[in-house]
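Engineer: what follows is a predicted structure for the sequence shown.
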Amino acid sequence: MDRIIFHCDLNCFYASVELLSHPDLRDIPTAVCGDPTSRHGIILAKNEPAKRCGVQTAETIWQAKKKCPALVLLPPHHDLYREYSRKVNAIYEEYTDLVEPFGIDESWLDVTGSLHLFGGDAKALADTLRQRMKQELGLTLSVGVSFNKVFAKLGSDYQKPDATTVISRENWKALVWPLPVGDLLFVGSAARKLLGQYGVETIGQLAACRVEMLETVMGKLGVQLYEYANGLDREPVRSRYEAEPVKSVGNGTTFPKNLTTPEQVKSGIAMLADSVASRLRHYGLYAGGIQVTVRDPQFHDRSRQTQLPAPTHLIRDITQAAMDLTALLWKPPSPIRALTVTAIHLVQEGEAYEQVDLFGATAAPQKERQEKLEAAMDRIRGKYGAGAISFGAAHTEKEEDPLP
C-alpha cells in the first residue's frame, strides 16, 4: 500500500509572522532583513506584494531596494519565529506522530496510519490543516500530498500561496516531468548547470537518463536524483523527536571588512575551526575530511575539500587542513568577504582510527596534550560561556551565523 505523505510549507513565514503585528503593511511591499547598515544585510523573507516587485530571498538589501524603492524593511525576531514553528508542529502532531520538520517553516507528515481517523480523504485533511492555520495562527500554508516525500515537496511548491496539490500515482508523470529540473529536491545551481551541459532541463529528461551515466557524471547524487525523478523515493518520514544523524558540522562568517592578508585569513580560519572542533567534540564525532568555501565581494563561492590522514576533532588539525585548502583557493591580496569551514566524512568516537607512524613516537604525547587542552577549554566554556576562552589565533571578530 502506498504511503500518504504531506509536505506543509508556511507561505512567506518570517514576513507573515511579522505582519501579524503590522496588519497595515499586508498590501505594501515588505521584507524581513538583516541589519541594513552592515554587510550581513540580505533579504530573509518577503510578502506577496514584494514578491510581485521581483524581490527575492537571499539577495542584498540594495538589490531589493533597486527593484522596489518603496520596500518596507522589518528586523527579524527569531525567537518569535521559533515559537510559531512550535505551535504549527503541535497542530500537525494532532494528526500523526510522524512529523519531520525541514527547516523552521516546512514539515513532512506521514498520515498513512491515521488518515482513517479523520475521514479518509487526504486532500480534505490537507485543506483542514490550511484552514486551521489561518483561523488559529493567522498564517497561510501550501500543502503537497503524495506517495513519497520528494513529490509531496514538489506539490507544496506547485501552487502558492494557500493551496493544496495532490500528486498521485495517476497524475505524477503529467505534473512532475514537465517541471524544471531545478525544482527537484537537492538539485542546486551547480547540479542544474552540470545537467544542463547534457541537455537535461526538465525532471522528465532527468528521469529518461541512463542511471549509469548519471552515476558516472554525478556519483551517488546522480543515482539518488534518478530515483527521485522516477518516483522511487522511499525515504521515511522521521518523527521530530528522533535524532537525525549528523552528516557534517560547519561554520561560516561574513567579515566586517574584507580579508586581504595571510594573517587575517589564518585568524578567521582558526576562529571557525575552533567552533567546528568544539561542536564535533560535543557530538562525540571526528572529521574524516575538511571542506573550505571562500566567498569574494562579488558573492562568487569557490570550494575545495580533502580527506584527512586520520579522523580528528582538534582545532590544530582542522585549522591546518583548512589553511592548506584555502591556499589552493586564494592568493593575497585578493579580498575575501566570507569563509566557511566544514567537517565532513564524520565518524563516531569509537570508530576513529589513526595510522601508526613508527618513526613519529613524539606525535602521540603531543596529541594527548592537545586533547587535554581542548577538553579543558570545553569545560571552561561550559561553565562560563562560549566567549570565556579562545584558542590562539581564534581570538578575532565576533562569529556570525553559518552562511547559507
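Structural biologist: Ah, there it is.
Engineer: give me the neighbour count for Met213.
Structural biologist: Residues lying near Met213 (other Cβ atoms under 10 Å) number 12. C-beta here means a position set from N, CA and C on the backbone, and glycine is covered the same way.
Engineer: the host helix or strand of it: what's the following helix or strand?
Structural biologist: When elements are defined using DSSP states H and E, Met213 is found to belong to helix 211-218. Towards the C-terminus, the helix or strand next in line after helix 211-218, according to DSSP H and E, is helix 220-229.
Engineer: what packs against that next one?
Structural biologist: helix 203-207, helix 211-218 (3 or more Cβ pairs under 8 Å, 6 or more residues apart in numbering; DSSP states H and E).
Engineer: run through who's touching the first one.
Structural biologist: By Cβ atoms under 8 Å, 6 or more residues apart in numbering, the residues outside helix 203-207 that reach it are 173, 176-181, 183-184, 195, 199-200, 214, 225-226, 229-230.
Engineer: try stretch 340-353
Structural biologist: By Cβ under 8 Å, 6+ apart, the list of residues contacting stretch 340-353 from outside reads 246-253, 269, 272-273, 276, 280, 284-293, 295, 305, 307, 310-312, 318, 322, 402-403.
Engineer: quick check: Met270 is in a helix.
Structural biologist: Not quite, residue 270 is Ala, not Met. Yes: under the criterion used here (DSSP: H, G, I helix; E, B strand; the rest coil), Ala270 sits inside a helix.
Engineer: quick check: the gap between it and Cys68.
Structural biologist: Using Cβ to Cβ, to the nearest Å, one gets 40 Å for the distance from Ala270 to Cys68.
Engineer: so for these two, which residue has more residues nearby?
Structural biologist: More neighbours sit around Ala270 than around the other of Ala270 and Cys68, counting by other Cβ under 10 Å; the figures are 25 against 20.
Engineer: for Val223, grab the count of nearby residues.
Structural biologist: Residues near Val223, counting by other Cβ under 10 Å: 14.
Engineer: ok, now which ones touch it?
Structural biologist: Contact partners of Val223, counting by Cβ under 8 Å, 6+ apart, are Val211, Leu214, Glu215.
Engineer: the second one and Leu225 touch, don't they?
Structural biologist: Yes: taking contacts as Cβ atoms under 8 Å, Leu214 lies within contact range of Leu225: 6.6 Å.
Engineer: who has more neighbours, the two?
Structural biologist: Relative neighbour count places Leu225 above the other of Leu214 and Leu225, with 26 against 22, counting by other Cβ under 10 Å.
Engineer: is it true that that one touches Val187?
Structural biologist: Yes: if you go by Cβ under 8 Å, Leu225 and Val187 touch, sitting 6.5 Å apart.
Engineer: got a pLDDT number for His345?
Structural biologist: Here the pLDDT value assigned to His345 is 91.
Engineer: what about the residue nearest to Asp2 when sequence neighbours are not counted, how many residues nearby?
Structural biologist: Ranked by Cβ to Cβ, 6 or more residues apart in numbering and with sequence neighbours excluded, the top spatial neighbour of Asp2 is Phe147, at 4.1 Å. A count of neighbours around Phe147, defined by other Cβ under 10 Å, yields 18.
Engineer: what about the strands in this structure?
Structural biologist: Shown for the chain, the strands assigned by DSSP state E span residues 5-10, 30-33, 43-46, 72-74, 99-101, 106-110, 141-146, 164-166, 249-259, 285-295, 301-312, 336-348.
Engineer: dump those strands to a markdown table, plus mean neighbour count and distance to Pro23.
Structural biologist: Formatted as a markdown table, the entries for the strands of the chain read as follows, by neighbours: other Cβ atoms under 10 Å; distance: least, Cβ to Cβ, whole Å:
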| stretch | mean neighbour count | distance to Pro23 |
| --- | --- | --- |
| strand 5-10 | 27 | 18 |
| strand 30-33 | 26 | 11 |
| strand 43-46 | 23 | 17 |
| strand 72-74 | 16 | 13 |
| strand 99-101 | 22 | 28 |
| strand 106-110 | 23 | 25 |
| strand 141-146 | 26 | 19 |
| strand 164-166 | 22 | 26 |
| strand 249-259 | 19 | 33 |
| strand 285-295 | 22 | 38 |
| strand 301-312 | 16 | 39 |
| strand 336-348 | 21 | 37 |
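Engineer: so which of the ones you listed gets nearest Ile61?
Structural biologist: The closest approach between Ile61 and any of the strands of the chain, judged by Cβ to Cβ, belongs to strand 30-33 at 5.5 Å.
Engineer: now for the closest one, which elements pack on it?
Structural biologist: Using 3+ Cβ pairs under 8 Å, 6+ apart, the elements in contact with strand 30-33 are helix 13-19, strand 43-46, helix 48-52, helix 61-67, strand 72-74.
Engineer: and that strand, which strands flank it?
Structural biologist: When pairs are called by DSSP bridges, strand 30-33 turns out to pair with strand 43-46 (antiparallel), strand 72-74 (parallel).
Engineer: contacts for the shortest one, please.
Structural biologist: Meaning strand 72-74. The contact list for strand 72-74 (Cβ under 8 Å, 6+ apart) reads Ala15, Glu18, His22, Leu25, Ile28, Pro29, Thr30, Ala31, Val32, Cys33, Pro36, Ile61.
Engineer: so what's the residue nearest to Leu125 when sequence neighbours are not counted up against?
Structural biologist: With Cβ to Cβ, 6+ apart as the measure, Phe118 is the residue that lies nearest to Leu125, at 5.2 Å, once sequence neighbours are left out. Listed by Cβ under 8 Å, 6+ apart, the contact partners of Phe118 are Tyr95, Val111, Leu125, Thr128.
Engineer: do you know the pLDDT at Phe118?
Structural biologist: Reported pLDDT at Phe118 in the predicted model: 97.
Engineer: ok, Pro23 next?
Structural biologist: 94.
Engineer: same check on Gln348?
Structural biologist: On pLDDT, Gln348 comes in at 83.
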